[in-house]
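[1] got a structure for you, letters missing:
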């Protein structure tokens with residue numbers, strides 16, 4: 001037994017001393033970036049978004065509750081979390097290949113064949129019991145490369161989970177503001193219908209009295225019908241948006257209680273976007289794509305290692321006896337062996353495997369570069385969108401103010417017989433469209449901030465996460 005331990009230990013140490021890790025070294029893909037974003041009016045190299053739960057900047061407790069509920073109950077988030085658990089298990093599964101497989105075996109034989117041939121009476125019995133192991137040594141780094149790939153896959157799924165969570169927060173926020181937008185348009189439509197019902201009653205009375213022509217009555221009926229038709233449209237859109245929002249938070253489709261109305265929603269202050277290079281170390285989708293490159297690169301090493309012979313150790317340690325009754329006094333039995341198994345001629349199969357994995361790595365690099373470019377574009381798009389929507393909202397507000405005033409003046413002029421009913425119709429239609437457009441632009445501005453924060457990839461998901469990061473930063477000081 002001592003000899004068994006001695007020889008096996010020496011052999012393992014010698015093999016590990018000369019072992020290597022074949023395949024390309026890991027390299028971080030590089031994408032050139034500008035010093036500042038094109039539409040960064042703040043022109044700063046720092047930002048604070050990483051320290052913000054940015055959705056709280058809208059100051060709507062109902063929105064905060066919906067986001068917390070969605071992070072806990074959304075099915076896509078649960079699927080992403082399950083993928084993380086799967087990748088963690090896969091990493092442990094792959095790591096197990098680094099170590100020997102240890103098992104047990106027992107064998108018992110009893111027969112008279114040999115004794116009958118030799119003319120010896122009686123039977124022959126043999127009993128062997130012992131522990132066995134089989135260890136394929138990682139001489140070429142095949143298992144170490146596989147572990148690198150599994151670890152990168154795990155990190156990729158973790159970043160993927162965070163990406164799903166950030167997208168979920170964005171979708172909940174955008175759908176919430178869309179719901180408020182449709183509710184506001186429904187309110188405007190109902191108010192407009194009430195106004196046009198009142199106007200129609202007046203026009204009908206005047207027509208019956210022979211004061212106004214029938215064309216005025218027809219025009220009033222048309223405008224009343226237009227306002228009436230818009231109400232079921234926005235009712236339908238409110239309900240459908242509530243159903244979509246319910247699914248996002250993990251509930252059955254139902255009505256959704258809202259907080260402040262659309263115009264009472266806080267437009268948050270602009271935060272510095274930082275420099276583009278910082279974005280690469282913060283966006284979870286970019287970091288996930290980077291880990292995919294590392295995983296693909298490691299699998300090239302696995303493929304290269306499969307071109308070389310595998311070296312395995314086998315061993316047995318136990319006891320053997322040819323007499324079952326005296327097995328307890330049997331002596332120890334052991335054996336140590338080694339196997340060398342390698343490819344000789346397989347029609348370039350192993351070489352093609354390496355080429356396949358290299359092509360996959362190249363694709364992963366391109367996918368990473370594309371993800372980075374999209375990330376830059378999303379920040380740029382959000383910056384210009386916020387800037388121009390602020391300008392548009394001011395114009396829309398002036399439009400509403402002027403159109404409401406013109407509507408009231410036109411109605412007064414018509415009542416005094418100064419102008420035709422056509423002027424009233426035009427101003428009423430303009431006021432209706434102005435209020436609807438203002439609600440739409442206000443919602444688009446809120447959603448643009450959502451897109452901006454999502455594009456930056458920052459923000460803590462919970463108070464606990466922020467506290468952990470603060471503690472880690474304090475320890476590094």
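    All right, it came through fine. Keep in mind the model is a prediction, meaning the values are calculated, not measured.
[2] wait, residue 189 sits on residue 227?
    Yes. The criterion here is C-beta atoms under 8 Å, and residue 189 meets it with residue 227 at 6.1 Å. For glycine as for every other residue, the C-beta is placed from the backbone atoms N, C-alpha and C.
[3] Run through the helices of the chain in chain order.
    2-18, 61-73, 75-95, 113-118, 142-208, 214-248, 276-279, 284-305, 349-415, 421-456, 463-476 (DSSP state H).
[4] of all the ones you listed, which lies closest to residue 25?
    Closest of the helices of the chain to residue 25 is helix 284-305, at 8.2 Å (criterion: C-beta to C-beta).
[5] For the closest one, enumerate the helices and strands it packs against.
    Identification of packing neighbours for helix 284-305 by 3 or more C-beta pairs under 8 Å, 6 or more residues apart in numbering; DSSP states H and E yields helix 142-208, helix 349-415.
[6] and the last one with helix 284-305, angle?
    Between the direction of helix 349-415 and that of helix 284-305, the angle (axes from the mean of the first three to the mean of the last three C-alpha atoms, to 10 degrees) works out to 170 degrees.
[7] Helix 349-415 packs against which elements?
    helix 276-279, helix 284-305, helix 421-456.
[8] before we move on, what about the first one?
    Secondary structure elements in contact with helix 142-208, counted by 3+ C-beta pairs under 8 Å, 6+ apart, are helix 61-73, helix 75-95, helix 214-248, helix 284-305, helix 421-456.
[9] mind redoing it with 10 Å?
    Secondary-structure packing of helix 142-208 (3 or more C-beta pairs under 10 Å, 6 or more residues apart in numbering; DSSP states H and E): helix 61-73, helix 75-95, strand 124-137, helix 214-248, helix 284-305, helix 349-415, helix 421-456.
[10] Looking at those, which one is packed in the most?
    By mean neighbour count, with neighbours taken as mean count of other C-beta atoms under 10 Å, helix 284-305 ranks first of the helices and strands packed on helix 142-208 at a mean of 23.
[11] angle of that one against helix 142-208?
    Using the same axes, to 10 degrees, helix 284-305 lies at 150 degrees relative to helix 142-208.
[12] tell me the mean pLDDT over helix 284-305?
    Taken as a whole, helix 284-305 has an average pLDDT of 93.
[13] what about that helix, distance to the chain center?
    From the chain centre to the centre of helix 284-305 is a distance of 18 Å (C-alpha atoms, centre = their mean, to the nearest Å).
[14] Let me know whether residue 162 touches residue 80 as I believe.
    Yes. In this structure, residue 162 is within contact of residue 80 by C-beta atoms under 10 Å, at 8.7 Å.
[15] Contact partners for the residue most central in space within the chain?
    In the chain, the residue lying closest to the centroid (C-alpha atoms, centre = their mean) is residue 164, at 2.5 Å. Contacts of residue 164 were listed using C-beta atoms under 10 Å, 6 or more residues apart in numbering, and they are 71, 74, 76-81, 83, 284-285.
[16] Likewise for residue 456?
    So, once contact is read as C-beta under 10 Å, 6+ apart, residue 456 ends up touching 47, 49-50, 52, 54, 166, 271-274, 278-279, 282-283, 375, 378-379, 382.
[17] picking up where we left off before, between the helices of the chain, which one is closest to residue 133.
    Closest among the helices of the chain, once you apply C-beta to C-beta, is helix 2-18, at 9.2 Å.
[18] For the nearest residue to residue 164 once chain neighbours are set aside, give me its contacts.
    Excluding the flanking residues, the one nearest residue 164 by C-beta to C-beta, 6 or more residues apart in numbering is residue 80, at 4.2 Å. Contact partners of residue 80, counting by C-beta under 10 Å, 6+ apart, are 74, 157-158, 160-165, 167-168.
[19] re earlier: tell me, what's touching residue 189 and residue 227 both at once?
    Counting by C-beta under 10 Å, 6+ apart, the common neighbours of residue 189 and residue 227 are residue 432.
[20] Pass me the low-pLDDT residue ranges in the chain, would you?
    For the chain, applying pLDDT under 70 flags the ranges 1-19, 33, 35-51, 111-125, 275, 318-332, 460-477.
[21] that older thread, indicate which one of the helices of the chain is closest to residue 333.
    Here helix 2-18 is closest among the helices of the chain (C-beta to C-beta), at 9.9 Å.
[22] Residue 153 versus residue 86, what's the distance?
    According to C-beta to C-beta, to the nearest Å, residue 86 and residue 153 sit 10 Å apart.
[23] and what of residue 83?
    10 Å.
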